[in-house]
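J.: Structure for the following, please:
(one chain, ligands or ions: 1)
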Amino acid sequence: MKNTPQQLHIPVLVDEVVRFLAPGKGDSYLDLTAGYGGHARAIIERTAAPDQATLVDRDENAISELNFQCGFTNGGTRLVHSDFLSAAKNLHDEGRRFDMILLDIGVSSPQLDRAERGFSFMNDGELDMRMDQATGRTAAEIVNRSSEKDLRDIIVQHGEESPKTAQKIAHAIRLNRPINTTGELAKTIEKVLPRTGKIHPATRTFQALRIVVNDELRQLEQTLPIAMELLNSGGRLVVVSFHSLEDRIVKRFMNEHAHVGFESELDLLTKKPITASSDELAYNPRARSAKLRAAVKK
Ligand SMILES: C[S@@+](CC[C@H](N)C(=O)[O-])C[C@H]1O[C@@H](n2cnc3c(N)ncnc32)[C@H](O)[C@@H]1O
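T.: Coordinates of the predicted model:
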């Protein structure tokens, strides 16, 4: 395992992830959102068991970086290019069990920073937003082919924008189609929703589209119960999420499985979500919205 030439993605809450996953020598580890391997490296250093680790990501670039630049496979680590729901189902079918499972959901810095991935209005590029660029509809397809009502609903449900604002945005999108780049979409929104504070008026719409393009909420909702089954007794589950829709799913899942008396399957390790310290925020502002929840399987 080598370090990446330049750190492509700064992992968030590393000390906290390590503390709650509590790696022991020889422990097995499943990282369902391996990204650029920052967390995986910290865990495998402590287990000293790279051959007991499985790293999953749906982004081909991340898997290729983990393989060629970071050299994870040299130690026998298994890399899986897949969305985490399919990967979890397959591992379950194989009868695999793990001592630690990590989900650090959301986007990686290279996904946000590379214009051609089309995630961000800060870097003008094709409106894509697919984490796995080999499959699925792009954000441009959704923007250009959905009805005004469907767009409004997407922006309300997944962007948490008010219905009135979402309606304005959806209407403007319909009038300005075709919209093919992140810059065009951001400008279309800015015209009907002038900037007021620090947050760009297109932020919530971009979040909504990203969630829909990658089917993020269903992926998370359906993976959590399988992840729990994939844990050994005494195994630890850590989930880091980056917006309230995801955190709500994680919170509900953990509470439901921790609070059912004798039949409860989890013990909570965090009553409230853990967030980044001011020290961490000083060198990694993207940790600002990270929320960590952890549980141990009984
Ligand atoms: C915040 S980054 C993870 C960074 C990683 N923990 C590290 O230390 O570098 C999130 C990663 O999860 C991946 N991802 C998000 N949703 C996914 C899903 N449903 N299935 C598989 N990978 C997913 C993204 O492609 C991205 O690489």
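
J.: for the ligand, what are the nearby residues on the stretch 101-250 of the chain?
T.: Residues of the stretch 101-250 of the chain lying close to the ligand (CB under 6 Å from any ligand atom) are 104-106, 108, 131, 219. C-betas here are computed from N, CA, C, even on glycine.

J.: Just among those residues, which is most surrounded?
T.: Within these, most neighbours by other CB atoms under 10 Å means residue 108, with 27 neighbours.

J.: Among the residues of the stretch 101-250 of the chain next to the ligand, name the least confidently predicted one.
T.: In terms of pLDDT, the lowest of those is residue 106, showing 88.

J.: which residue packs closest to that residue, ignoring adjacent ones?
T.: Excluding the flanking residues, the one nearest residue 106 by CB to CB, 6 or more residues apart in numbering is residue 242, at 3.9 Å.

J.: what sits against the one you found?
T.: In this structure, residue 242 makes contact with 105-106, 289-291, judged by CB atoms under 8 Å, 6 or more residues apart in numbering.

J.: How about residue 292?
T.: Residues in contact with residue 292, defined by CB under 8 Å, 6+ apart, are 13, 16-17, 20, 238-240, 270, 273-275.

J.: now the residues you listed in a markdown table, with secondary structure?
T.: Putting these into a markdown table (DSSP: H, G, I helix; E, B strand; the rest coil) gives the following:
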| residue | secondary structure |
| --- | --- |
| 13 | coil |
| 16 | helix |
| 17 | helix |
| 20 | helix |
| 238 | strand |
| 239 | strand |
| 240 | strand |
| 270 | coil |
| 273 | coil |
| 274 | strand |
| 275 | coil |
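
J.: Looking at those, which is nearest residue 195?
T.: Using CB to CB, residue 275 comes nearest to residue 195 of the contacts of residue 292, at 26.9 Å.

J.: Does the residue in the stretch 151-298 of the chain that the ligand sits nearest to fall in a helix, a strand, or a coil region?
T.: Going by CB to the nearest ligand atom, the ligand is nearest to residue 219 of the stretch 151-298 of the chain, at 4.0 Å. Three-state assignment for residue 219 (three-state DSSP): helix.

J.: Not counting residues beside it along the chain, what's closest to it?
T.: Leaving aside its sequence neighbours, residue 219 sits nearest to residue 85 (CB to CB, 6+ apart; 4.9 Å).

J.: ranges for the helices of the protein?
T.: 14-21, 38-47, 60-64, 84-93, 109-113, 139-145, 148-159, 163-176, 182-192, 203-213, 216-230, 244-258, 278-283 (DSSP state H).

J.: So which of those helices is the most surrounded?
T.: Most buried of the helices of the chain, by mean neighbour count (mean count of other CB atoms under 10 Å): helix 203-213, with a mean of 23.

J.: what angle sits between it and helix 182-192?
T.: 130 degrees (axes from the mean of the first three to the mean of the last three CA atoms, to 10 degrees).

J.: could you say what helices and strands helix 203-213 packs with?
T.: helix 139-145, helix 148-159, helix 182-192 (3 or more CB pairs under 8 Å, 6 or more residues apart in numbering; DSSP states H and E).

J.: Format the ones you listed as a markdown table; extra columns: mean pLDDT.
T.: Listed next are these as a markdown table, based on pLDDT from 0 to 100:
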| stretch | mean pLDDT |
| --- | --- |
| helix 139-145 | 98 |
| helix 148-159 | 98 |
| helix 182-192 | 96 |
